[in-house]
Each structure stands twice: as C-alpha cells, then as structure tokens.
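K.L.:
sequence plus the predicted model coming up.
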Amino acid sequence: TTKCVVQEGRSLVDDKYSSLLGAVLIAKRFYQRQCHHKSNLPAAECILDLIGETNQHHYFVATQDKNLREALRKIGCVPILYINYNAIILEKPSFRTIATAENITNNKLEPSRYEKEVLTKMKKSYIPASQTKFIKHKKRKRPAEPNPLSCKKKQKRSKVTGEETKKKPRRRLQKRRTNKGAIAAEN
C-alpha cells in the first residue's frame, strides 16, 4: 500500500462508505511504500505510478478495480490478485508478460556481442584457416530399424507355373446316430 491508498480509503469512510473501515485498517497494517508525488493521487494512479513501465521492483498487485487490472495487463510482468466470491485468484499472465519473459530468457541464453567477438578471435588464433576444411563433423544418428526377432516372418508364396492350385471345399462332418439313439427315438 501507499499513503495515497490509505488516504483515499479514509476519505471514503468519512463520506459515505462506513463499511470500508475494516479494509482501511487492514491496508494500514501492511508496509507502506513511499510514493514520490507531492499531492495525494487516486489510489489506482498512485499504484500505476509506483509500478512504472517495467515493474522494476517486482510488485504483486491485489485489487478489485477492473480498470486498474486492465491497465496493469498492458504493462506486463505484474502478477495480479483479486477476490472472486471466497477465493483469492491469481490471474493468468497476459500476452505481454509471456512475450517479455521469453525475450528475457532468449537474451540470457544467447552470447552477448562481446562474447561473440571473443569467440571468433579464439577460433582464429587456435585453428588456422587452412585446417578448418578438415574438421570432422559428427555423424547424425539415424532412427534404428526394428528388432528382427520381434517382427513377424514373411509368408512364402507358392510358385506354380501355368496352373492354379485348386483346393477342394471341406465337407462338413455329420454326427451319426447310434443304434441306442435310434431305439430310444422309436419308444
């Protein structure tokens, strides 16, 4: 919180919103950051001024003000908390925040200009230009073929010249009646 936030809360409690007294008392308990403007600003403007364009001090902002949340999303790199019913919700990072984070990680991974210059000088000093042609590159591994023991064997085709092999249709076997069954059927 800042002095401007507490001052705005007090003015609202004095005017017409006496139910905000608890919120003002809670805001007073937190550490108050020094805001560097001379006169009291509205709370939303004071918070935006404190955060600046890049959120240099890595602040989290907890607010119910939709306009302030929208303005903070445009800045990027500002975690936003708000209360929905009985749950405290941390908003998903905005597109601007994600883009800024990717940019920072890419800058950390790539060598700087000075490092690139040093690397090129080192390559030239250790490896003469005539020997750069003979440097062997590692051969890329190709995907392995399947295990022959786990594969099904190919079926052999019979080669018959001129004639096709004709298979006789299988006859269905019928059960034969026994004499005992015939006698039982007659009675």
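P.N.:
Structure's in. What do you need?

K.L.:
contacts, neighbours, all on C-alpha from now
P.N.:
Noted.

K.L.:
quick one: the helices in this protein?
P.N.:
Using DSSP state H, the helices found in the chain span residues 3-15, 21-29, 43-51, 66-75, 95-109, 113-126, 179-186.

K.L.:
could those be laid out in JSON lines, adding mean neighbour count, distance to Lys154 and mean pLDDT?
P.N.:
Below are these laid out as JSON lines (neighbours: other CA atoms under 10 Å; distance: least, CA to CA, whole Å; pLDDT from 0 to 100):
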{"stretch": "helix 3-15", "mean neighbour count": "16", "distance to Lys154": "81", "mean pLDDT": "86"}
{"stretch": "helix 21-29", "mean neighbour count": "13", "distance to Lys154": "79", "mean pLDDT": "87"}
{"stretch": "helix 43-51", "mean neighbour count": "18", "distance to Lys154": "72", "mean pLDDT": "91"}
{"stretch": "helix 66-75", "mean neighbour count": "15", "distance to Lys154": "63", "mean pLDDT": "91"}
{"stretch": "helix 95-109", "mean neighbour count": "12", "distance to Lys154": "52", "mean pLDDT": "89"}
{"stretch": "helix 113-126", "mean neighbour count": "11", "distance to Lys154": "55", "mean pLDDT": "86"}
{"stretch": "helix 179-186", "mean neighbour count": "8", "distance to Lys154": "50", "mean pLDDT": "56"}
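
K.L.:
turn these into JSON lines, including distance to Lys138.
P.N.:
What follows is the helices of the chain, written out as JSON lines (distance: least, CA to CA, whole Å):
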{"stretch": "helix 3-15", "distance to Lys138": "63"}
{"stretch": "helix 21-29", "distance to Lys138": "63"}
{"stretch": "helix 43-51", "distance to Lys138": "51"}
{"stretch": "helix 66-75", "distance to Lys138": "46"}
{"stretch": "helix 95-109", "distance to Lys138": "24"}
{"stretch": "helix 113-126", "distance to Lys138": "19"}
{"stretch": "helix 179-186", "distance to Lys138": "84"}
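
K.L.:
which one of these lies closest to Leu149?
P.N.:
helix 95-109 (45.0 Å; CA to CA).

K.L.:
out of the helices of the chain, nearest to Lys136?
P.N.:
For Lys136, the closest of these is helix 113-126, at 15.5 Å, according to CA to CA.

K.L.:
what's next to stretch 90-103, contact-wise?
P.N.:
For stretch 90-103, contacts defined as CA atoms under 8 Å, 6 or more residues apart in numbering pick out Arg73, Lys74, Ile75, Gly76, Cys77, Val78, Pro79, Ile80, Leu81, Tyr82.
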